[in-house]
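A.B. asks: quick one, structure for this:
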Amino acid sequence: MFLTEQAITDRYISSLRNLREIAEAYYFQGRIDDAFHLWQIAEPLLEGREAQAAQRVTFLLQYGRFLIHRYFLTNRDSELMHAVIQRAVQGAQAIQDQSAIATGHSLVGQSLYYHNLLTGGHDYTTARDELEQSSALREQIGDGYGLSESLFYTGLTLDREGPNERTREYLKRALALAEQHRNTWAASEATRHLTDYTDGDERLRYAMRSLELREAIGFTVGLPSAQLLVSDIFIARGELAQAQEYCQQAKQLAEALGLRMYLMFALFTQGEIEHKLGQLAEAREHFEQGGVIAHELKMARGIAEADEKLALLADGPTS
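C.D. replies: Below is the predicted model of the structure:
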């Protein structure tokens, strides 16, 4: 079969794009291991002479984004994550693609944010600086879709320093831009975190809206966390039957997808419901099971939460 050089290049680039899109779809479906395997298979193709600089940068940025989310979910391969993002940033700077440079700054900020989150760090200044550089570039080039994401993550870095009005402002602006530019993922995340700045029925509406948005785009991997948020709100409202329903949905999905971190949080939530019901033995069992997973994942915040949950038992049941 004869192909011209241009036809070969076109097919090569198309193959890279198709593999990247399949890997991204696997991630959305919660097939984390399958997605990682496909990214690893596709990455060596970047060395082919048919792969152009812009395509390499696009691939590495998307691969880096996936590795960030995988790191958050599994606490694995942080060195690989940082290395891929660094290659993407260098590539973006080499071709002077302002949109790619902005995305690179955002990914660096996100990776630093999650590193702090998982290891128990408290200084989010560097992460926020990177995200603010991303926001400035995205405003300059008129990228409202990407700006909604970088503003959202900037709000998260502020939130980790304690609830404050600036966080709320960032999240509200991120939500408005996400809705305007149809960034449904960013809208679901901003809505989710705005529940910390609302109360009563409005808080429940925000949580349910976040869940609905994730369902609408087939973001299966993000459903357990959304279901657990709804469960937590029902616990706070004293509506334990509804809390149990959403907790069980999250637990079953986390188990089916092999998402150990979300299973850990589902066990904590289940234990909290049982604690409210005065079922202390069952609560202890679930808190301890969650703690085992936290230690397996070497996840500092999970270990700390397990200790906090077990300390609740010393006070007996709550109403």
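
A.B. asks: so where is the protein shaky, pLDDT-wise?
C.D. replies: For the chain, the stretches with pLDDT under 70 are 1, 315-319.

A.B. asks: centre-most residue in it?
C.D. replies: Centroid-nearest residue in the chain: H69, 5.1 Å away (criterion: C-alpha atoms, centre = their mean).

A.B. asks: need the nearest residue in space to that one, chain neighbours excluded.
C.D. replies: Distance criterion C-beta to C-beta, 6 or more residues apart in numbering; nearest residue to H69, sequence neighbours excluded, is Y27 at 6.8 Å. Quick note: C-beta positions are derived from backbone N, CA and C, even for glycine.

A.B. asks: repeat that for L156.
C.D. replies: In space, and not counting its chain neighbours, L156 is closest to Y113: 6.3 Å by C-beta to C-beta, 6+ apart.

A.B. asks: now do whichever strand or helix holds the one you found: distance to the chain's middle.
C.D. replies: Assessed by DSSP states H and E, Y113 sits inside helix 98-119. Centroid separation between helix 98-119 and its chain, computed with C-alpha atoms, centre = their mean, to the nearest Å, is 12 Å.

A.B. asks: would you map the strands across the protein?
C.D. replies: For the chain, applying DSSP state E gives no strands.

A.B. asks: the residue lying closest to Q289 once chain neighbours are set aside and E139, how far apart?
C.D. replies: Spatial nearest neighbour of Q289, excluding adjacent residues (C-beta to C-beta, 6+ apart): L267 at 5.0 Å. Noted for L267: a distance of 42 Å to E139, by C-beta to C-beta, to the nearest Å.

A.B. asks: those two - which one has more neighbours?
C.D. replies: Set L267 next to E139 and count neighbours by other C-beta atoms under 10 Å: L267 wins out with 25 against 15.

A.B. asks: correct me, but the residue nearest to Q289 touches A250?
C.D. replies: No - taking contacts as C-beta atoms under 8 Å, L267 lies outside contact range of A250: 10.2 Å.

A.B. asks: can I get stretch 274-283 in PDB? Just the C-alpha atoms.
C.D. replies: Extracted as PDB, the C-alpha positions of stretch 274-283 are listed here (Å, rounded to 0.1, in the frame of the first residue of the first chain):
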ATOM      1  CA  GLU A 274     -24.100   4.200  62.400                       C
ATOM      2  CA  HIS A 275     -22.700   6.500  65.000                       C
ATOM      3  CA  LYS A 276     -25.700   8.700  64.700                       C
ATOM      4  CA  LEU A 277     -27.900   5.700  65.100                       C
ATOM      5  CA  GLY A 278     -26.100   4.500  68.200                       C
ATOM      6  CA  GLN A 279     -24.600   1.400  66.400                       C
ATOM      7  CA  LEU A 280     -21.200   1.900  67.900                       C
ATOM      8  CA  ALA A 281     -19.700  -1.500  67.100                       C
ATOM      9  CA  GLU A 282     -20.700  -1.200  63.500                       C
ATOM     10  CA  ALA A 283     -19.400   2.300  63.300                       C
END
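
A.B. asks: let's have the chain start at 57 instead
C.D. replies: From this message on, residue numbering opens at 57, which makes the last subject stretch 330-339.

A.B. asks: contacts for the biggest helix by length in the chain, please.
C.D. replies: For the chain, the helix that runs over the most residues, judged by DSSP state H, is helix 61-85. Applying C-beta atoms under 8 Å, 6 or more residues apart in numbering, the external contacts of helix 61-85 come out as 59, 88, 90-91, 94-95, 97-98, 101-102, 104, 106-108, 111, 114-115, 118-119, 122, 125-126, 273-277.
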